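In: here's my sequence, what's the structure:
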Amino acid sequence: MRVGIHEAKTNLSKLIPAVQTGEDVIITKAGKPVARLVPFIEKTGPRPLGLYLGKVKLHGDLLEPLPVEIVNDFWPERGGEK
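Out: Take a look at the predicted model:
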């Protein structure tokens, strides 16, 4: 279902039941889609721990200072060429 902004504002209480039953409501401005009204689905239960276990690798130099060449790229006034 597509509705204009004014119509959506005027009939919001009628659009909510449609969304709750699974209908997508596209809100338009000058005939172009600008927003979509969708049902809120609350996630329940605890979040799983270790979701990225084995997928992310941190190297030992993570806390070491960046090389001067890289720092100079961010702050050319410190001696880098730009």
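
In: and I27, what helix or strand is that in?
Out: I27 is located in strand 25-29, with elements delineated by DSSP states H and E.

In: so what secondary structure elements neighbour the helix or strand just after that strand?
Out: With elements assigned by DSSP H and E, the helix or strand that comes after strand 25-29 is strand 32-37. For strand 32-37, the elements it packs on are strand 25-29, judged by 3 or more CB pairs under 8 Å, 6 or more residues apart in numbering; DSSP states H and E. In this view, the C-beta of every residue, glycine as well, is placed from N, C-alpha and C.

In: list the helices and strands the lengthiest helix in the chain packs on?
Out: Secondary structure assigned by DSSP state H gives helix 12-20 as the longest helix of the chain. In this structure, helix 12-20 makes packing contacts with strand 25-29, judged by 3+ CB pairs under 8 Å, 6+ apart.

In: mind listing what's buried in the strand it packs on?
Out: Burial within strand 25-29, assessed by neighbour count using 16 or more other CB atoms under 10 Å, is assigned to V25, I27.

In: list the buried residues in the lowest-mean-pLDDT helix or strand in the chain.
Out: Within the chain, judged by mean pLDDT, DSSP states H and E, the helix or strand with the poorest mean is helix 68-74; its value is a mean of 84. Neighbour counts over helix 68-74 (16+ other CB under 10 Å) mark N72 as buried.

In: remind me what it packs against, helices and strands.
Out: Of the remaining helices and strands, none touches helix 68-74 by 3+ CB pairs under 8 Å, 6+ apart.

In: could you dump it to PDB, C-alpha only?
Out: Written as PDB, here are the backbone C-alpha positions of helix 68-74 (Å, rounded to 0.1, in the frame of the first residue of the first chain):
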ATOM      1  CA  VAL A  68      55.200   8.000  10.800                       C
ATOM      2  CA  GLU A  69      54.300   7.800   7.100                       C
ATOM      3  CA  ILE A  70      50.700   6.900   7.900                       C
ATOM      4  CA  VAL A  71      50.400   9.600  10.600                       C
ATOM      5  CA  ASN A  72      51.700  12.200   8.100                       C
ATOM      6  CA  ASP A  73      48.900  11.200   5.700                       C
ATOM      7  CA  PHE A  74      46.300  12.200   8.400                       C
END
